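**Q** Please find the sequence and the predicted model below.
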Amino acid sequence: MGDTGGTTMKATGVHLKSVKKSFGAVDVIRGVDMDVDRGQFAVFVGPSGCGKSTLLRMIAGLEETSGGEIFIGDRDVTHEDPADRGVAMVFQSYALYPHLSVYENMAFSLRLAKRPKAEIDEQVRQAAGILQLTEHLDKKPAQLSGGQRQRVAIGRAIVRAPDVFLFDEPLSNLDAELRVQMRLELARLHQKLGATMIYVTHDQVEAMTLADTIFVLQGGYVQQSGAPLDLYDDPSNRFVAGFIGSPSMNFFNASVDDQTRDGILARLTGQPDLTLNVPLSQPPAKGATVVLGMRPEHLIVTEADGLRVTVDVAEELGGVSYQHGTLEGGDAVIFQQTGARHGMHGTVQTVTPEPGRIFVFDADGERIR
Amino acid sequence: MNKARSNPFNTVAMHGALILYTLIALFPVFVILINSFKERRSIFREPLALPDADSFSTIGYETVMQQGDFFLYFQNSMIVTVASLFFVLLFGAMAAYALSEYRFRGNMIMGLYLALGIMIPIRIGTVAILEMMVATGLVNSLWALILVYTAQGLPLAVFILSEFMRQVSDDLKNAGRIDGLSEYTIFFRLVLPLVRPAMATVAVFNMIPIWNDLWFPLILAPAEETKTLTLGSQVFIGQFVTDWNAVLSALSMAILPVLVLYVIFSRQLIRGITSGAVK
């Protein structure tokens, strides 16, 4: 690869300053500040209805901004037309022009800009080469498979050499295998082009694998942003903790039994015999209600004291297995086992969290550190 | 393939019904055609017989060619039909796009107002239309007919097309916006090609009533130089004597262009009617 020739993109960052959006009386985006640096792969992730797509469409200029400012590079583009913003967008439904061939689809915007024919041809063929579409250039979109169509859509974006690439759930329409493959291709493409990319998905695996920076959105706010592993290791609230990681974190209601020298002694609700020692720098008062979070992969089976789990479903995936069960109090628990086949279905297991891997949240869901 | 489809009895019954319907529908056309090639006596003696050596005659066609300015009528009909269709499709599609794509105050009311026209026959307003045409000096011009037919066709066109335009993917239009297309270009280059089957449907539904109309040509444009084919054919139907040879010949020739236009639109028409049903 090495020399990427004319395909190296001029990368520009994207900056949002207290951006708001409301549809009538409904506030969808309630004030978002964010900085996506040049060349970064940023991912907006969140459950459906969290406003992530709306935010992306506001950056693209497809939705009017109700308040705040959007900068691409150092240009204020808040009220500019989509075409003037220097962005290219890839849609979930591909949105190829159905009556045009692959070549014409990719050449469309350049033709519109009245670029010389030779240049258009060169750009299109180069993009087609990168995306392995050269042999399909004369076909109509209807003759292509889903993955190929999405590659054409990406090619159409590449050809425009935009400052910023915007992806709106581009892999959601593909089947599982193809999705994994395209995910890798997107990661390679990003390395190759070095362009700023903003990617919207509800799939936290896509977010974790692709992103330099993840923005977790919920309720019209950015709940937390940071590198994927920072969010995994150090979630700032219960929502982020539950959203990042698969299967998601176990949460147990507990109360503070006592403050210790370096933290608290927490007693799980419905588990009178069990206390857990949790180190905290700002421990809550004795008697306070808290929520303890433990990831399935951080619960280990032990002979000693711990949470007694009745396993009712075992998902054996070969390399790992997920054991689903309930505590005596009725709380659902998932824990992960690696390696050998365990045959834990129907048994009662005792698990205990790895030290230092318990997250504590207050009653409002904010993290207590 | 499901079981009911492959049952031979059902297949025969289905095709039988379709063939029967085709025969019934084509019968009048067939009778007009064969009788247009017969002499007057044979038309009345044996209306269903095919023309043979004795009864064959092209007298009707000769009369039509000699009497009246048949080609001018033909040309008038063609101009009026094509121009009206063009305006119905253009303005209908534009209004439909605006109603389906943009959120604005009064969108709903405007849509209902336009749909109302489907239910109110335009002929009720004939007197007012005539007064208007007289006032604007458009009487006895083809424009009078084109304007009236455009108005007559618009409600249904807007109604049908706006339904279809709602189904055009938003992503596609947005992709166009990001590519730098103006709203007009999006409309003409992206949306119109995608609703082509619906446009063909609207075209066919509008074409035939316009081509066959006698009412408005008779009232708004009865002058010799603006007569349409249907009106022109009336010269052969007298109060006391009707030249049936000529009438049948004129009708036979009038069928042709409609048939040609229909063949052009029909492929699209079928797609328009069945799209959504089979996808």
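**A** Yes, it's here.
**Q** Can you name the residue of chain B nearest chain A?
**A** Nearest residue of chain B to chain A, counting by CB to the nearest CB: residue B:180, 3.3 Å away. No exception for glycine: its C-beta is placed from N, CA and C like everyone else's.
**Q** Surely that residue is in contact with residue A:113?
**A** Yes: proximity of residue B:180 to residue A:113 meets the contact threshold set by CB atoms under 8 Å, at 7.0 Å.
**Q** What residues does the stretch 51-200 of chain B have near chain A?
**A** The stretch 51-200 of chain B comes close to chain A at residues B:169, B:171-172, B:174-181, B:190, B:193-194, as judged by CB under 8 Å from any CB of the partner chain.
**Q** filter those residues to the buried ones?
**A** With burial judged by 16 or more other CB atoms under 10 Å in any protein chain shown, the buried subset of these is B:171, B:172, B:174, B:175, B:176, B:177, B:178, B:179, B:180, B:181, B:190, B:194.
**Q** which residues does residue A:123 contact?
**A** A:6, A:107, A:110, A:159, A:161 (CB atoms under 8 Å, 6 or more residues apart in numbering or on different chains).
**Q** mind checking the SS state of it?
**A** Of the three states, residue A:123 takes helix under DSSP: H, G, I helix; E, B strand; the rest coil.
**Q** Tell me which residues touch the residue in chain A that chain B sits nearest to, please.
**A** Nearest residue of chain A to chain B: residue A:83, at 3.3 Å (CB to the nearest CB). By CB under 8 Å, 6+ apart, residue A:83 lies in contact with B:177, B:178, B:179, B:180, B:181.
**Q** if you set the cut-off to 6 Å instead, what comes out?
**A** Going by CB atoms under 6 Å, 6 or more residues apart in numbering or on different chains, residue A:83 touches residue B:180.
**Q** Could you measure from it over to residue B:186?
**A** Between residue A:83 and residue B:186 the distance, using CB to CB, to the nearest Å, works out to 11 Å.
**Q** now do residue B:22
**A** Counting by CB to CB, the separation of residue B:22 from residue B:186 is 42 Å.
**Q** and if you look at residue B:179?
**A** According to CB to CB, residue B:179 and residue B:186 sit 9 Å apart.
**Q** for the record, mean pLDDT for the helix or strand containing residue A:18?
**A** Secondary structure assigned from DSSP states H and E places residue A:18 in strand A:14-23. The average pLDDT within strand A:14-23 is 92.
**Q** ok, and what's touching that strand?
**A** Residues outside strand A:14-23 that contact it (CB under 6 Å, 6+ apart): A:28-29, A:31-36, A:54, A:66-72, A:164.
**Q** From these, keep the buried residues only.
**A** For the contacts of strand A:14-23, a burial check counting by 16+ other CB under 10 Å picks out A:28, A:29, A:31, A:32, A:34, A:36, A:54, A:68, A:70, A:71, A:72, A:164.
**Q** Format those residues as TSV; extra columns: distance to chain B, pLDDT and secondary structure.
**A** Below are the buried ones among the contacts of strand A:14-23 laid out as TSV (distance: CB to the nearest CB, whole Å; pLDDT from 0 to 100; DSSP: H, G, I helix; E, B strand; the rest coil):
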residue	distance to chain B	pLDDT	secondary structure
A:28	15	91	strand
A:29	18	92	strand
A:31	24	91	strand
A:32	21	92	strand
A:34	21	92	strand
A:36	18	93	strand
A:54	13	92	helix
A:68	21	92	strand
A:70	15	94	strand
A:71	18	93	strand
A:72	13	92	strand
A:164	11	93	strand
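**Q** can I get the residues you listed in JSON lines with distance to residue B:134?
**A** As requested, these are exported to JSON lines (distance: CB to CB, whole Å):
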{"residue": "A:28", "distance to residue B:134": "57"}
{"residue": "A:29", "distance to residue B:134": "60"}
{"residue": "A:31", "distance to residue B:134": "64"}
{"residue": "A:32", "distance to residue B:134": "64"}
{"residue": "A:34", "distance to residue B:134": "68"}
{"residue": "A:36", "distance to residue B:134": "68"}
{"residue": "A:54", "distance to residue B:134": "56"}
{"residue": "A:68", "distance to residue B:134": "60"}
{"residue": "A:70", "distance to residue B:134": "59"}
{"residue": "A:71", "distance to residue B:134": "63"}
{"residue": "A:72", "distance to residue B:134": "61"}
{"residue": "A:164", "distance to residue B:134": "62"}
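**Q** And residue B:78, how close does it get to residue B:247?
**A** Using CB to CB, residue B:78 is found at 20 Å from residue B:247.
**Q** who has more neighbours, residue B:22 and residue B:186?
**A** Here residue B:22 and residue B:186 are compared on neighbour count by other CB atoms under 10 Å in any protein chain shown; more neighbours surround residue B:186, at 21 against 10.
**Q** all strands of the stretch 151-300 of chain A, in order?
**A** A:164-168, A:196-201, A:213-218, A:221-226, A:250-259, A:263-268, A:275-279, A:289-294, A:299-301 (DSSP state E, counting those that start in this stretch).
**Q** what helices or strands is the first one leaning on?
**A** When you say that, I think you mean strand A:164-168. Packed against strand A:164-168 by the contact rule (3 or more CB pairs under 6 Å, 6 or more residues apart in numbering or on different chains; DSSP states H and E) you find helix A:52-60, strand A:87-90, strand A:196-201.
**Q** on that earlier part again, now go through the contacts of residue A:123 and say which are in helices.
**A** A:107, A:110, A:159 (DSSP state H).
**Q** Distance of the residue lying closest to the second one once chain neighbours are set aside relative to residue A:193?
**A** Here the nearest residue to residue A:110 in space, its sequence neighbours aside, is residue A:120; by CB to CB, 6 or more residues apart in numbering or on different chains that works out to 4.5 Å. Distance of residue A:120 to residue A:193, computed by CB to CB: 19 Å.
**Q** cool, and residue B:145?
**A** The value you get for residue B:145 to residue A:193, if CB to CB is used, is 60 Å.
**Q** likewise residue B:128?
**A** To residue A:193, residue B:128 is 66 Å away according to CB to CB.
**Q** still on that earlier bit, and the buried ones among the residues of the stretch 51-200 of chain B next to chain A, which two are furthest apart?
**A** B:180 and B:194 (19.5 Å; CB to CB).
**Q** low-confidence ranges in the chain?
**A** As the question left the chain open, I've gone with chain A. Applying pLDDT under 70 to chain A picks out residues A:1-11, A:340, A:342.
**Q** oops, I was thinking of chain B
**A** Chain B contains residues with pLDDT under 70 at B:1-6, B:68, B:239, B:268-279.
**Q** State which helix of chain A is the longest.
**A** Longest helix in chain A, counting residues (DSSP H): helix A:176-193.
**Q** So which bits of chain A are right by chain B?
**A** Contacts of chain A with chain B, taken as CB under 6 Å from any CB of the partner chain, map to A:62, A:82, A:83, A:89, A:91, A:93, A:95, A:99, A:109, A:112.
**Q** go again using 10 Å as the cut-off
**A** A:23, A:57, A:60-63, A:81-85, A:87-100, A:105, A:108-113, A:153, A:156-157, A:160, A:162, A:166, A:168 (CB under 10 Å from any CB of the partner chain).
**Q** Just the buried ones out of those, please.
**A** Neighbour counting with 16+ other CB under 10 Å marks A:57, A:60-63, A:82-83, A:85, A:87-97, A:100, A:105, A:108-110, A:112, A:153, A:156-157, A:160, A:162, A:166, A:168 as buried within the residues of chain A next to chain B.
**Q** Could you list the domains of the chain?
**A** If you meant another chain, say so; for now it's chain A. Following automatic domain parsing, one gets these domains for chain A: A:5-243, A:250-368.
**Q** actually chain B
**A** If you go by automatic domain parsing, chain B breaks into B:1-57, B:68-274.
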